[in-house]
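Asks: below are the sequence and a predicted model; questions follow.
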Amino acid sequence: MCGIAGFSLSPESSVDRTLAAQALLAGISERGADAVGYAHRSPAGGVHVTKLRGGASALLDELEVPAETAQALIHVRDFTKGHPSIEANNHPIRHGCVVGIHNGIIENDDALLARYGIERAEPQMTVDSEAILALMERRGHDARALSEMRGAMAAAWIDERDDATLFVARGRLRPLWLGRSAHGLYFASTRRALAIAGAALKTRLEIDEVREGRLLHVVAGEVIRQRRFRPDRHYREPDVLPPVRTPREAVSCLERLAALTSVSPA
């Protein structure tokens, strides 16, 4: 169980990008504390990644996103495969030109990488989520490639070869919500996280859930393309996972967010 969040904003958006990322991070902070990280596309066009061991509270104050940023990804990790002591296993994960985040588990990651003849991005990596990003880079974000995954998935990624698009996908057994505003689109693992972000940003969000088996292409805060794929419905999780993994992180981050918003300009 992990938490994912992020945004795509239009050039017309006046939203404070750093505050948006902080609010989303606080909103998903309860979902894991093994590692935390975020990525954003820099004004120069590359994707900048920051990640560290620990919960969201360790990063909340240091998080900083440039005012010109159009896309950002945020992640908190409760790891299943790929020990967090190896930094490359923690999210956001980079595989070639693709940087992404994932909530869930992919059981056949090693088999998929072997089938396509794809090497791990770093020799010590074992995280299952890399298979999603590797196939998206190899297959050009073809939704049909997501049908080859066996497991649970909600994911998002950006590609350094495409400076406009945020990709958001939902397979099975993991929640994913969208929040739409006049000049932006936000996503998160829970509806509550989007409500927290909307309140912090003083922005009204129209919130709805992404359906299973959907890959969305988002540009400048608008869904410009939606592709369907068939998730593997034979996969069954052995246990029901509680959505709240680290309640103390949530309390700490929400208290800090309240302090940040109380001094932010209206």
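Replies: All right, it came through fine. Residues are numbered from 1 along each chain as shown.
Asks: distance from the chain centre to the longest helix along the chain, please.
Replies: Identified as the longest helix of the chain according to DSSP state H is helix 247-263. On the basis of Cα atoms, centre = their mean, to the nearest Å, helix 247-263 is displaced by 20 Å from the centre of the chain it belongs to.
Asks: please apply the same query to stretch 55-71.
Replies: In terms of Cα atoms, centre = their mean, the centre of stretch 55-71 is found 13 Å from the chain centre.
Asks: now the end-to-end length of that stretch.
Replies: One end of stretch 55-71 to the other measures 22 Å (Cα to Cα, to the nearest Å).
Asks: now do it, average pLDDT.
Replies: The pLDDT scores in stretch 55-71 average 96.
Asks: tell me the phi and psi of I93?
Replies: Note on I93: backbone dihedrals following degrees, to the nearest 10 are phi -100, psi 140.
Asks: touching, it and D128? I think so.
Replies: No. Using Cβ atoms under 8 Å, I93 makes no contact with D128, being 10.2 Å away. (Each C-beta comes from the backbone N, C-alpha and C, glycine too.)
Asks: in the chain, which spans are helices?
Replies: 17-28, 109-116, 130-139, 143-146, 191-201, 247-263.
Asks: any chance of the ones you listed in a markdown table, with mean pLDDT too?
Replies: Output for those, formatted as a markdown table (pLDDT from 0 to 100):
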| stretch | mean pLDDT |
| --- | --- |
| helix 17-28 | 98 |
| helix 109-116 | 98 |
| helix 130-139 | 98 |
| helix 143-146 | 98 |
| helix 191-201 | 98 |
| helix 247-263 | 93 |
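Asks: out of those, which comes closest to R172?
Replies: Of all the helices of the chain, it is helix 143-146 that lies closest to R172, at 10.6 Å by Cβ to Cβ.
Asks: so who does R211 touch?
Replies: R211 makes contact with R170, according to Cβ atoms under 8 Å, 6 or more residues apart in numbering.
Asks: use 35 as the first number from now on
Replies: Okay, residue one is now 35; in that scheme the one you just asked about reads as R245.
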